[in-house]
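Q: structure of the sequence below:
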Amino acid sequence: AARERAAASGAASASFNAWKTGRGAGGADGALAVRDWIAAVLRQTLEDWQGRSAPLALVNYYARNAFSRHVQTVCNEVLKKRAAPDATLLFWRAFGMLQEGALNEAIKELQAVEARGDGGYEVRDVLGSGTFGQVVRCRARDSGRQAAVKVIKNHPAYFHQAHVEIGILHMLNTKCDERDEHHIVRMLDHFVHRSHLCIVFEVLNVNLYELLRQNNFRGLSVKLVRTFVKQLLRALRVLRQADVIHCDLKPENILVKSLDTGEIKLIDFGSACFQNRTVYQYIQSRFYRSPEVVLGSPYGMPIDVWSLGCVAAELFLGLPLFPGASEYNLLTRMCETLGPPPSSMLASAANAHKFFKKNESTGGGAPATGGLSAAIGGGGGDSYELYTLDEYEQKSGKKVAMGKRYFKHTLLNDVVHGARMSSSASEEAQMKERADRASLLDLLHGLLELDPKTRWTPDQAKAHPFVRDAPFAGPGSFVPPPPEEGCVAKEV
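A: Below is the predicted model:
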């Protein structure tokens, strides 16, 4: 049995070396050779340790997905030191390198593989990484064109969702924004390389989070906030017309195209879906997650408008408006800053019972309790009250993570008007700044309406004086036009 294992390991190792030097099978056969070699080495390692380490299922998972130039070095190191006290630590280190190695090797190999016969791409540097995989800056060998290539992890779920992303972007780029006027990233190409789906995009500049960081998180001028919000509303208007929900609008997914003009592009449609095909409940990055998603209500295009409101506030303030460390913490901050959700919304929300206690109607027309945490039920209906921290922890049986508090004020009005203002500005400039803030605040109230049914649409928000840079007459003076009808979702 030992000789058979050694022979199998030797054959797998030979196949791996042949593949690595370009003399062996390519494509799927090459992938199998690498997988078999890694599986053989790890299996031998487990047997040598008499099963003291990780479960075999975990080994198999990493073996199936590994294409790492680090594998041989790390595994040899582990095998040599298996008797050492830190052997288990070394073993886990090998697994970690295998996990990332699949992407690293595929990215390196892009330099040597022809994609669709156009000469292939030369990888220049890594632009970023995420749950999906990595994005690398490349140069097309035949044309010299710069491109950003998104390399998707070799996993069925990511592969499937990337195909959805490709379909949505193709539709948006070719049917909804043919002239590239609505600030949606351009997809240039896509191909499969060593079982990794690769999507080719235009190269853009810094994202808005980095822009805030470079500004020491002090926030941007009202003028620049207006410039960005106006463009994002144009992008969301196209998405609404196409019945597409982005599902992950945040500063990191908004990239500057030109630092001179302030032009931006909305990127990363990896979580996007059509409005009539909402499948997942766990969507949106937490700081930008809408109340209907937290509460488990049906969701649609309005969740992107909510995220835009969070982004707009953050661009002005420099820090996130709702930095919730947990969903309870996030919902608490929403209620403190904007007031409670309407009871009609909570009555139909699947997760309302997790965060709110229901006060049955006594027929008197008034809610049983008052204050910030009580959702008012009009006409004598039921009312809801947010659980206190102690109540929630006792009910859920777990300690709740609580995020940082960045602002000394709590209510949205106070947070916006209390933001830093230049002390060296003239009295006239300060008056203009206060007027702009009042206009921005009014826009934020429309974008951050807790009830998605009454939250403004992109077209309604686009008509606001803040977006048009028009005089603002004061709170309540702007009445949005009737919401436009969304069109029927299109097939990918």
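
Q: pretty sure residue 329 contacts residue 401?
A: Yes - here residue 329 reaches residue 401: they are 6.5 Å apart, a contact under Cβ atoms under 8 Å. The C-beta positions use only the backbone N, C-alpha and C, and glycine is treated the same way.

Q: of those two, which one has the most company?
A: Using other Cβ atoms under 10 Å, the more surrounded residue of residue 329 and residue 401 is residue 329, with 19 against 11.

Q: which helix or strand contains the more buried one?
A: helix 327-338 (DSSP states H and E).

Q: summarise which helices and strands that helix is packed against.
A: helix 291-294, helix 352-355, strand 383-386, helix 389-396, helix 412-417 (3 or more Cβ pairs under 8 Å, 6 or more residues apart in numbering; DSSP states H and E).

Q: ok, which of the ones you listed comes nearest residue 147?
A: Across those, residue 147 has its closest neighbour in helix 291-294 (33.4 Å, Cβ to Cβ).

Q: can you name the next helix or strand after that closest one?
A: Moving toward the C-terminus from helix 291-294, the next helix or strand (DSSP H and E) is helix 302-317.

Q: so what does that next one touch, helix or strand wise?
A: Taking 3+ Cβ pairs under 8 Å, 6+ apart as the contact cut, helix 302-317 packs with helix 208-214, helix 222-241, helix 291-294, helix 412-417, helix 427-447.

Q: residue 167: which of those is closest?
A: Across the helices and strands packed on helix 302-317, closest to residue 167 is helix 222-241 (Cβ to Cβ), at 14.3 Å.

Q: for the record, mean pLDDT for the closest one?
A: Average pLDDT, helix 222-241: 97.

Q: what angle do it and helix 302-317 make?
A: Angle, helix 222-241 to helix 302-317, by axes from the mean of the first three to the mean of the last three Cα atoms, to 10 degrees: 170 degrees.

Q: pull out the buried residues from helix 222-241.
A: 222, 225-241 (16 or more other Cβ atoms under 10 Å).

Q: kindly report the same for stretch 436-450.
A: Buried, per 16+ other Cβ under 10 Å, within stretch 436-450: 436-444, 446-450.

Q: now it: average pLDDT?
A: On average, stretch 436-450 scores 97.

Q: what's the answer for stretch 419-431, then?
A: On average, stretch 419-431 scores 87.

Q: same deal with stretch 359-379?
A: On average, stretch 359-379 scores 48.

Q: ends of stretch 397-408, what's the gap?
A: Using Cα to Cα, to the nearest Å, one end of stretch 397-408 lies 31 Å from the other.

Q: I'd like the helices and strands packed on helix 327-338 as TSV, with mean neighbour count appended.
A: As requested, these are exported to TSV (neighbours: other Cβ atoms under 10 Å):
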stretch	mean neighbour count
helix 291-294	24
helix 352-355	19
strand 383-386	24
helix 389-396	14
helix 412-417	17
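
Q: excluding sequence neighbours, find me the nearest residue to residue 320.
A: residue 287 (4.5 Å; Cβ to Cβ, 6 or more residues apart in numbering).

Q: if you could redo that for residue 209, that was the one I meant.
A: residue 251 (4.0 Å).

Q: where does that neighbour fall, phi/psi-wise?
A: Backbone geometry at residue 251, expressed as degrees, to the nearest 10, gives phi -60, psi -40.

Q: quick check: it touching residue 314?
A: Yes - between residue 251 and residue 314 there is a contact under Cβ under 8 Å: 6.4 Å.

Q: what touches both of these two?
A: residue 212 (Cβ atoms under 8 Å, 6 or more residues apart in numbering).

Q: looking at those two, which is more packed in?
A: When residue 251 and residue 314 are compared for neighbours, residue 314 comes out ahead with 26 against 22, by other Cβ under 10 Å.
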